[in-house]
Every structure is written in structure tokens, then in C-alpha cells.
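> Provided below are the primary sequence and the corresponding predicted coordinates.
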Amino acid sequence: DAGVIQSPRHEVTEMGQEVTLRCKPISGHNSLFWYRQTMMRGLELLIYFNNNVPIDDSGMPEDRFSAKMPNASFSTLKIQPSEPRDSAVYFCASSRTASDRAYGYTFGSGTRLTVV
Amino acid sequence: GESVGLHLPTLSVQEGDNSIINCAYSNSASDYFIWYKQESGKGPQFIIDIRSNMDKRQGQRVTVLLNKTVKHLSLQIAATQPGDSAVYFCAEKSGQAGTALIFGKGTTLSVSS
């Protein structure tokens, strides 16, 4: 298994530009999560999907952030327009989910975003 | 609000020593806990998990202890090796439907040889 695949690994963009981060979850996992990691705030949950449906997006900072999961094998996180304070490492994770049991998440390698 | 936190931000040990990393949680509804290891430039890596119906679980060189009375979680690493140097996070999940893992701030473990 190739694990959770994220692209790009690094992204440097100018303030005001649109940024799109991509994620391919592990096949068979029905939940997908987007986290953001910074030194100040640690790992924060932005949004998560179950069976391609957004369940909780309360962690999305503001309307500039949006996420989609058009099918079970692909998700995007878009920031438009980007700002310097969005600079962080963005992780995608996936897991199995069952109504009666929790499972651990498998994380991708992350996308390091720098907005200048 | 409720959150998961760690007692110490850094821990330095000698190679071969046992390491203990602690974590406090405040959500009494949490019923699933995980320890993750994160090396520089990589994503968090699953180490071991424990459910609230257990108080101890062992893996290879690692043991997780759960004390629900005081809402405390610990990770014990036996015979710590330089390759164990990383940031360790505890994460907790509520049994409530529709919730996701919440992570603590992390403890940096430094192993010197």
C-alpha cells in the first residue's frame, strides 16, 4: 500500500494567490481528515469527511478555505486568496470508520505551504 | 474548552534508558486514545492505541497506560534508542458520533548516545 499521498510536498506562493492541496487516501478507508500544523497551535483539525460527505468543518478558519471530496480516492483543500498567516504544514489523514469502533488515522507526508 | 495536553514539552534521555511521556486529557467522554510519533519533515506515525475499557496495552518496546480516574495517559518506551528521537503526540477521541481525533501539543524526545 502506498499510504496517504499528498501533493505538492512544498508550495511557495504569493499573498493573494489561490492554493490547492491534494490528497489521495488509502484505498478502503472511508474517512478523510485535513489537519494544519503550526508551532503555535500544534495539529488542528480543519475538516473531515465520512463516505465523501463533510461531517465537521468547524475547524476551517474562514471562508477563504474550502475542501471537497468528489470521490472516495481524492480530496482537495483550497485557499483563496492565500495570506501569510496561512503558512503551515497541511496534513491529510485517512482511516476506517465504523459506528461501533474507532480506528487510528494514517497520515500523509504533508504539504509545507509558505505564503510570502 | 476541553483539550488534550502534555505535562512536559521536552524530554532528554540516554540511550538504553526507559522513557516515559505523559499526557493529560480533560474530556471525560473520550474513549479512544492514540500515541503518534513525528520525525522531522514527516507526518505523524501511529505507535499504539488504547480503548477506554483497558488500562494497559503493550507493543514492541512500548507500553501505554491509561488512568481514567485522573484522566492521564502515558507512553513508556523501553531501552530508548537514538531512532526514537522525535516529537510524540497523544490524541484522544470522544465516543460521540461525528467526532475526530484531537491532538495535544507534543513532547520532544531527545536520545543521546
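Yep, that arrived.
> Contacts only, for the residue of chain B found nearest chain A.
Of all residues in chain B, B:Gly43 sits closest to chain A, with a separation of 3.5 Å (C-beta to the nearest C-beta). For glycine as for every other residue, the C-beta is placed from the backbone atoms N, C-alpha and C. B:Gly43 makes contact with A:Val4, A:Phe91, A:Ala93, A:Phe107, A:Gly108, A:Ser109, A:Gly110 under the criterion C-beta atoms under 8 Å, 6 or more residues apart in numbering or on different chains.
> ok, A:Pro70 - how many residues close by?
Close neighbours of A:Pro70, defined as other C-beta atoms under 10 Å in any protein chain shown, add up to 9.
> quick revisit: in the contacts of B:Gly43, find the pair that's most separated.
A:Ala93 and A:Ser109 (11.2 Å; C-beta to C-beta).
> more neighbours, the two?
A:Ala93 (28 against 17).
> helix or strand for the more buried one, which one?
strand A:88-95 (DSSP states H and E).
> again with A:Phe49
With DSSP H and E as criterion, A:Phe49 is part of strand A:42-50.
> Now do that strand against strand A:88-95, angle only.
40 degrees (axes from the mean of the first three to the mean of the last three C-alpha atoms, to 10 degrees).
> The chain: strands as residue ranges?
In the absence of a named chain, chain A is used. Along chain A, counting by DSSP state E, strands occupy A:5-7, A:10-13, A:19-24, A:31-38, A:42-50, A:53-56, A:65-71, A:74-79, A:88-95, A:106-107, A:111-115.
> nope, chain B please
According to DSSP E, the strands that chain B contains are B:4-6, B:10-14, B:19-25, B:30-38, B:45-51, B:56-58, B:62-67, B:72-77, B:86-94, B:102-103, B:107-112.
> between these, which gets the lowest average pLDDT?
Ranked by mean pLDDT, those end with strand B:4-6 at the bottom, a mean of 53.
> just to revisit the earlier point, which one of the strands of chain A lies closest to B:Phe89?
Using C-beta to C-beta, the nearest of the strands of chain A to B:Phe89 is strand A:42-50, at 6.8 Å.
> strands paired with the closest one, and their directions?
strand A:31-38 (antiparallel), strand A:53-56 (antiparallel) (DSSP bridges).
> Report the spatially nearest residue to the residue in chain A that chain B sits nearest to, omitting neighbours in sequence.
Residue of chain A nearest chain B, by C-beta to the nearest C-beta: A:Phe107 (3.5 Å). Among residues not flanking A:Phe107 along the chain, B:Gly43 sits closest, at 3.5 Å (C-beta to C-beta, 6 or more residues apart in numbering or on different chains).
> so where's chain A shaky on pLDDT?
Along chain A, the parts satisfying pLDDT under 70 run over A:1, A:99-100.
> Apart from its neighbours in sequence, what residue is nearest residue 105?
Just going to use chain A. Here the residue nearest A:Tyr105, using C-beta to C-beta, 6+ apart, is A:Ala93, at 4.0 Å.
> Switch to chain B, please.
A:Gly42 (4.6 Å).
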